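Asker: I'll drop the sequence and a predicted model, then ask my questions.
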Amino acid sequence: NAGVTQTPKFRVLKTGQSMTLLCAQDMNHEYMYWYRQDPGMGLRLIHYSVGEGTTAKGEVPDGYNVSRLKKQNFLLGLESAAPSQTSVYFCASSYSRTGTIDPQHFGDGTRLSIL
Amino acid sequence: GENVEQHPSTLSVQEGDSAVIKCTYSDSASNYFPWYKQELGKRPQLIIDIRSNVGEKKDQRIAVTLNKTAKHFSLHITETQPEDSAVYFCAASIGSGNTGKLIFGQGTTLQVKP
């Protein structure tokens, strides 16, 4: 059981370039989330998905797009990278149960630098 | 919008002492409150959580208390050890819908001095 796997682990981009971060989970979780973590600001939710084929905006969605074509995968895209998007990106997933909230399980993160 | 305030931002204690981290939240519909520990360069890991129908929960040296009236919850670590040194994040669920969305506090860096 690998849990939540993120690729790549590190990446350096130039301003204006595009890229896709991949998150894969093998726990059959319905819910998946993308966060960014910046010093002193905790974890901020970018986008999330409550099931295959559905996505929704979080706190800081601008400049990012997501897709959930398969239940186990959640992709985060940067169409035109900006230096303000330099951050550590974490993916998380959780079960969905009616009437209760389950803990989120995190991946190891992707450290992204935009020059 | 909803927010979670976490204090203090840094905390230094001697080994064996207790540590307390406090959080307040704004969304009255919040009903799930997890705490995560993050070691340097690692992923956040859940250490304890509490739901709104419970006032206190303990797991060995860790305890969490919740005061729904005051919209306040706290993490208590007793008999601290050097391996407790890490960044701790509180979080609160957002809204009444079952999306599992969380809003996180800004984090507390705990240093336990041997």
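Answerer: Structure received.

Asker: so who does A:Phe106 touch?
Answerer: Applying C-beta atoms under 8 Å, 6 or more residues apart in numbering or on different chains, one finds that A:Phe106 lies in contact with A:Val4, A:Phe90, A:Cys91, A:Ala92, B:Tyr36, B:Arg43, B:Pro44, B:Gln45. Quick note: C-beta positions are derived from backbone N, CA and C, even for glycine.

Asker: Now the buried members of the residues you listed.
Answerer: By neighbour count, with 16 or more other C-beta atoms under 10 Å in any protein chain shown, those hold A:Val4, A:Phe90, A:Cys91, A:Ala92, B:Tyr36, B:Arg43, B:Pro44 as buried.

Asker: ok, the fifth one - contacts?
Answerer: Contacts for B:Tyr36 were tallied using C-beta under 8 Å, 6+ apart; they are A:Phe106, B:Pro44, B:Gln45, B:Leu46, B:Ile47, B:Tyr88, B:Phe89, B:Ala91.

Asker: ok, and the closest non-adjacent residue to the second one?
Answerer: The shortest distance from B:Pro44 to any residue that is not its chain neighbour, by C-beta to C-beta, 6 or more residues apart in numbering or on different chains, is 3.9 Å, and that residue is B:Tyr36.

Asker: Please identify the helix or strand for B:Leu110.
Answerer: Assigned by DSSP states H and E, B:Leu110 belongs to strand B:108-113.

Asker: swap in A:Pro103?
Answerer: Here A:Pro103 is assigned to no helix or strand, by DSSP H and E.

Asker: From B:Asn98, how far out is the residue of chain A positioned farthest from its centre?
Answerer: Residue farthest from the centre of chain A, counting by C-alpha atoms, centre = their mean, is A:Gly99 at 24.7 Å. To B:Asn98, A:Gly99 is 7 Å away according to C-beta to C-beta, to the nearest Å.

Asker: Go ahead and confirm the residue farthest from the centre of chain A touches B:Tyr32.
Answerer: No: contact between A:Gly99 and B:Tyr32 fails when scored by C-beta atoms under 8 Å: they sit 11.3 Å apart.

Asker: which element is the closest residue to A:Ala56 other than its chain neighbours on?
Answerer: Nearest non-adjacent residue to A:Ala56, counting by C-beta to C-beta, 6+ apart: A:Tyr48, 5.7 Å away. Secondary structure from DSSP H and E places A:Tyr48 in strand A:43-51.

Asker: Now do the most centrally placed residue in chain A against chain B, distance only.
Answerer: Closest to where the C-alpha atoms of chain A average out (C-alpha atoms, centre = their mean) is A:Trp34, at 2.6 Å. Distance, A:Trp34 to chain B, using C-beta to the nearest C-beta, to the nearest Å: 12 Å.

Asker: could you check the distance from the closest residue in space to A:Gly3 that isn't next to it in sequence over to B:His7?
Answerer: Counting by C-beta to C-beta, 6+ apart, the nearest residue to A:Gly3 once its immediate chain neighbours are dropped is A:His105, at 6.0 Å. Distance, A:His105 to B:His7, using C-beta to C-beta: 27 Å.
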